[in-house]
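In: next comes the sequence, and after it the predicted model I'd like to discuss.
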Amino acid sequence: MSALIATRPSPAERLADLAVQALIDEADLSPKPGLVDRRGSGAHSDLHLGLMHASAQSLWPAFAAMADAARAEGEVSLQTAVVLSHDEAATIVARNHAMMVESQKGELHVPLPDNYLFLTESDPIHVQYEGKVVRGVISEAVVMDGEQRYKVIRDRQSIHTMDVQGIPPAPVTKPPSSVVGPTLLEVLDIPIVRDSDDALGAYIAVSGVMPAWQGAMVELSMDGGETYIESHTVRADTIMGTLVSALGDHPAEFPDEVNSCQVNVPTPYAVLEGSDLRGMMNRRNLALIGDELVNFAEADEVSEGVWEISHFLRGRRGTETQVHSVGERFVMLSGAIFVPAELVMLDRPVTVRATSLGTDNETIVTLTFTGESQVERMPAYLQARRDGSNVVASWQGVGRIGGGTHVAMGQHFAGYRVTLTDGTTTQAHDTAESEFTGSLSAFSGQVTVSVQQRNNLTGLGPAIEVTI
């Protein structure tokens, strides 16, 4: 067995040469007053330049031995951060795998004399083995008197020249923020949107602006926030925002296919979906814009968080149709919860505080509570005529619960108020029927007949009137 190698000084020999030459250069440096240099011995009567050179030369074997000892101890392991492309990383993995396959063929042990001291770990060599030239890499070198023992791992040149196309890594997805953030709060003093909510109260809508938001503690106060008397934990994330373009007015009697508006929705991951007329008639996409309840059929995201909505049913639940300006509120009613109120709160300022769960981030809203959930609707189809000295009137009551052909009055409905006036004399009559006959003997000239629905909690609703 023999190694095919080049003849050159070993690393230890080169280091020894450099160390000796450095000592000689230091001795030759001139002038050095008081020291040995090319001019003389200076203050040293027992030294001269030739002796200094000989002394340096005598240290060569010691320098070489120290270099050999250091090399025999092996390499020092260092950790260094390296940035690789996916192709480079794949190539390294493929090369390591190929080297591992070659190493399974077994190690070779090669003894060589001292004139091969320049060989060190990781050097590639070729050896004659079983009649073949085998390429290998030195994995271990042991220095002994008179010879070196090398452990060689089999290798292939193609391993070090291969290129592999890697798969690009998946895009790095940042972890969601752990910041909870504030709570968006809307207190909706509006007509009820579900029959089960037929009580005095208001809807509360809350939403977060950060993905880590988990809900809010909602509290009520009657003294401007000095003390809070009720609390509710609300986890429903209501889709809400504000108008970024105006919405024109349109009659409630037929669908609004003319107007559209854009709304900014900061609710994380919020999606507005489309519907059709049947869906809208069944409360799909019921929303509050300003103080008007509407349904919408079309919703398109025109930019991130900004939606254009159109094809409306306007003035739902008896709310008034009107023009809506930029900045007015937009709230989807599907996520709002109904919070009952006490009668003492009626027509008084109520403060509502929403605190994001797990934080002290507070949002506070104060409004005068008018009890719209129990305000009666305006009667319909009022007819009145004179019958001699009497007035005969009839109308149709409008219920607050149910829908379609199944409509009913609410639990606090108390009948009707019929008012007669000629501008000077006024009479009021309460009745439980949807018709009325009364005397006009106290009136002169034209008489205005108005009818209102009464509620035990909130009193009279809006009036419908005719003049006879």
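Out: Cool, the structure landed. Residues are numbered from 1 along each chain as shown.
In: and the closest residue to M210 other than its chain neighbours, how many residues sit next to it?
Out: Of all residues not flanking M210 in the chain, G181 sits nearest, at 3.5 Å (CB to CB, 6 or more residues apart in numbering). Where C-beta positions appear, they are placed from N, C-alpha and C, glycine not excepted. Applying other CB atoms under 10 Å, we find 16 other residues in the vicinity of G181.
In: does G181 count as helix, strand or coil?
Out: coil (DSSP: H, G, I helix; E, B strand; the rest coil).
In: my guess is it contacts T363, does it?
Out: No - assessed by CB atoms under 8 Å, G181 is found out of contact with T363, at 10.7 Å.
In: now do the contacts for S373.
Out: Residues in contact with S373 (CB atoms under 8 Å, 6 or more residues apart in numbering) are D189, I190, P191, I192, D197, D198, A199, L200, G201, A202, F338.
In: these: which two are farthest apart?
Out: D189 and D198 (15.5 Å; CB to CB).
In: what comes up buried for stretch 383-396?
Out: A384, V391, V392, A393, W395 (16 or more other CB atoms under 10 Å).
In: please name the strands paired to the host helix or strand of R353 in the sheet, noting orientation.
Out: Under the criterion of DSSP states H and E, R353 resides in strand 348-356. Counting by DSSP bridges, the strands paired with strand 348-356 are strand 216-221 (antiparallel), strand 362-369 (antiparallel).
In: quick one: mean pLDDT over it.
Out: Averaged across strand 348-356, pLDDT comes to 93.
In: now swap in stretch 102-113 and tell me
Out: 81.
In: any idea how this protein splits into domains?
Out: Per automatic domain parsing, the domain ranges recorded for the chain read 3-72, 92-160, 183-238+338-373, 244-329, 380-467.
In: worst-scoring helix or strand of this structure, pLDDT-wise?
Out: strand 3-4 (a mean of 46; mean pLDDT, DSSP states H and E).
In: list the buried residues in the strand holding R353.
Out: Taking 16+ other CB under 10 Å as the criterion, strand 348-356 shows V350, T351, V352, R353, A354, T355, S356 as buried.
In: chain center to stretch 243-263, what's the gap?
Out: 31 Å (CA atoms, centre = their mean, to the nearest Å).
In: number of nearby residues for the closest residue to P113 other than its chain neighbours?
Out: Using CB to CB, 6+ apart and skipping residues adjacent in sequence, the residue nearest P113 is E147, 5.4 Å away. By other CB under 10 Å, the residues close to E147 number 13.
In: P169 - that's part of a helix, no?
Out: No - counting by three-state DSSP, P169 falls outside a helix, being coil.
In: doesn't L84 make contact with it?
Out: No - P169 is not in contact with L84 according to CB under 8 Å; the separation is 10.6 Å.
In: so which residues of the stretch 51-200 of the chain form helices?
Out: Under the criterion DSSP state H, counting those that start in this stretch, the stretch 51-200 of the chain contains helices at 60-72, 86-103.
In: out of the ones you listed, which comes closest to L15?
Out: Closest among the helices of the stretch 51-200 of the chain, using CB to CB: helix 60-72, at 4.2 Å.
In: how far away is the residue nearest to M210 from I337?
Out: From G181 across to I337, the span is 21 Å (CB to CB, to the nearest Å).
In: any common contacting residues for P169 and L84?
Out: Joint contacts of P169 and L84 (CB under 8 Å, 6+ apart) do not exist.
In: in the stretch 101-250 of the chain, where is pLDDT below threshold?
Out: Within the stretch 101-250 of the chain, the stretches with pLDDT under 70 are 144-146.
In: and stretch 265-282, what's buried?
Out: For stretch 265-282, by 16+ other CB under 10 Å, it's V265, T267, P268, A270, L272, S275, M280.
In: likewise for stretch 414-422?
Out: In stretch 414-422, counting by 16+ other CB under 10 Å, buried: A414, G415, Y416, R417, V418, T419, L420, T421, D422.
In: let me know the average pLDDT across it.
Out: On average, stretch 414-422 scores 94.
In: distance of E465 relative to A384?
Out: Relative to A384, and taking CB to CB, E465 is found at 9 Å.
In: and for the two, which residues touch both?
Out: V449.
In: and D163, how many neighbours does it have?
Out: Neighbours of D163 (other CB under 10 Å): 10.
In: I'd say it and T91 touch.
Out: Yes - in this structure, D163 is within contact of T91 by CB under 8 Å, at 5.8 Å.
In: so where do the strands sit in the stretch 1-150 of the chain?
Out: Taking DSSP state E, counting those that start in this stretch as the test, the strands found in the stretch 1-150 of the chain are 3-4, 107-113, 124-129, 132-144, 147-154.
In: skip the chain neighbours and tell me the closest residue to H311.
Out: Per CB to CB, 6+ apart, closest to H311 is A297, 3.9 Å.
In: returning to what we had before: with respect to A432, which of the buried residues of strand 348-356 is nearest?
Out: So of those, ranked by how close each gets to A432 (CB to CB), first place is V350, at 32.7 Å.
In: how about the contacts made by the nearest residue to that closest one once chain neighbours are set aside?
Out: Once flanking residues are discounted, V350 sits nearest to F369: 4.6 Å by CB to CB, 6+ apart. F369 sits next to D189, A202, A341, M345, L346, D347, R348, P349, V350 when contact means CB under 8 Å, 6+ apart.
In: quick check: which of the strands paired with strand 348-356 is buried the most?
Out: strand 216-221 (a mean of 22; mean count of other CB atoms under 10 Å).
In: you'd agree Q262 is in a strand?
Out: Yes - Q262 sits within a strand when classified using three-state DSSP.
In: wait, it sits on S303?
Out: No - at 9.1 Å, Q262 does not count as touching S303 under the criterion of CB under 8 Å.
In: could you list the buried residues of stretch 108-124?
Out: Applying 16+ other CB under 10 Å to stretch 108-124 flags L108, V110, L112, Y116, L117, F118, L119, T120 as buried.
In: what is the nearest of the buried residues of stretch 383-396 to S139?
Out: Comparing these against S139 with CB to CB places W395 closest, at 103.9 Å.
In: so which strand or helix has that closest one?
Out: W395 belongs to strand 390-396, assigned by DSSP H and E.
In: any idea which helix or strand comes after that strand?
Out: Next in sequence after strand 390-396, counting helices and strands by DSSP H and E, comes strand 401-403.
In: helix/strand/coil for the most centrally placed residue in the chain?
Out: Nearest to the mean C-alpha position of the chain, counting by CA atoms, centre = their mean, stands P211 at 4.5 Å. Under three-state DSSP, P211 falls in the coil class.
In: wait, it sits on S178?
Out: No - with contact defined as CB under 8 Å, P211 does not reach S178; the gap is 9.3 Å.
In: residue ranges with poor pLDDT in the stretch 301-450 of the chain?
Out: In the stretch 301-450 of the chain, residues with pLDDT under 70: 404.
In: change it to 80
Out: Residue ranges of the stretch 301-450 of the chain with pLDDT under 80: 403-406.
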